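Colleague: Got a predicted model here, sequence first, then my questions.
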Amino acid sequence: MFQKILIAADGSAHSIRTAEKAAELARLQQDAKVSVIYVIDGETSKHDVLAEGNQATIDRKRLERLKPIETHLEEKGVAYEIVVKRGEPGPSIVKYANGEKFDIVIIGSRGLNTLQEMVLGSVSHKVAKRANCPVMIVK
């Protein structure tokens, strides 16, 4: 049923819980594959450059945010890949999910940037509204 599973991740506690749900779904299916998408938006990019300055350090720290998700998927024996995109998170996740024809998107109900969420609406809401596949929102 859910062979291609997409997790939207930003390193928040909610996105880490998405890995748990994805692992549960993937283990129910034979040969299921999980893709973890991490979208770098303009604000995050500016903050990272100002805080670190060095591109290699920035890239390493970004991937470290996803380590708990990777660890969980590895422990559960789930095949996965990491996909890094640049742009606005909601539209970028939807474009990738629809373009790659995922069977389900799993996303946290809240991310790291609560200010943007209050002003612009949640990424999870944008994805749920526009994705062509089912969307599971994890609290």
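Modeller: Looks like it arrived, so ask away.

Colleague: What is the least confident helix or strand in this protein?
Modeller: helix 114-120 (a mean of 49; mean pLDDT, DSSP states H and E).

Colleague: Can you identify the element that follows that helix toward the C-terminus?
Modeller: helix 123-130 (DSSP states H and E).

Colleague: any residues touching that following helix, and which ones?
Modeller: Residues outside helix 123-130 that contact it (CB atoms under 8 Å, 6 or more residues apart in numbering): 8, 89-91, 93-94, 97-98, 105, 107-111, 117, 135, 137. Where you see a C-beta, it was placed from the backbone N, CA and C, and this is true even at glycine.

Colleague: what mean pLDDT would you report for that helix?
Modeller: Average pLDDT, helix 123-130: 92.

Colleague: now swap in stretch 12-25 and tell me
Modeller: 91.

Colleague: Stretch 83-101 now?
Modeller: 95.

Colleague: Using CSV, write down the CA coordinates of that stretch.
Modeller: Output of stretch 83-101 as CSV, limited to C-alpha atoms (Å, rounded to 0.1, in the frame of the first residue of the first chain):
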residue,chain,number,x,y,z
VAL,A,83,17.1,14.5,-0.1
VAL,A,84,18.1,18.2,0.5
LYS,A,85,16.2,20.9,-1.4
ARG,A,86,16.4,24.7,-1.3
GLY,A,87,13.3,26.9,-1.3
GLU,A,88,10.1,27.5,0.7
PRO,A,89,9.4,24.4,2.7
GLY,A,90,5.7,23.9,1.9
PRO,A,91,5.8,24.3,-1.8
SER,A,92,9.2,22.4,-2.1
ILE,A,93,7.9,19.4,-0.2
VAL,A,94,4.7,19.3,-2.3
LYS,A,95,6.6,19.7,-5.6
TYR,A,96,8.9,16.8,-4.7
ALA,A,97,6.1,14.6,-3.3
ASN,A,98,3.9,15.1,-6.4
GLY,A,99,6.8,14.9,-8.9
GLU,A,100,8.1,11.7,-7.4
LYS,A,101,4.6,10.2,-6.9
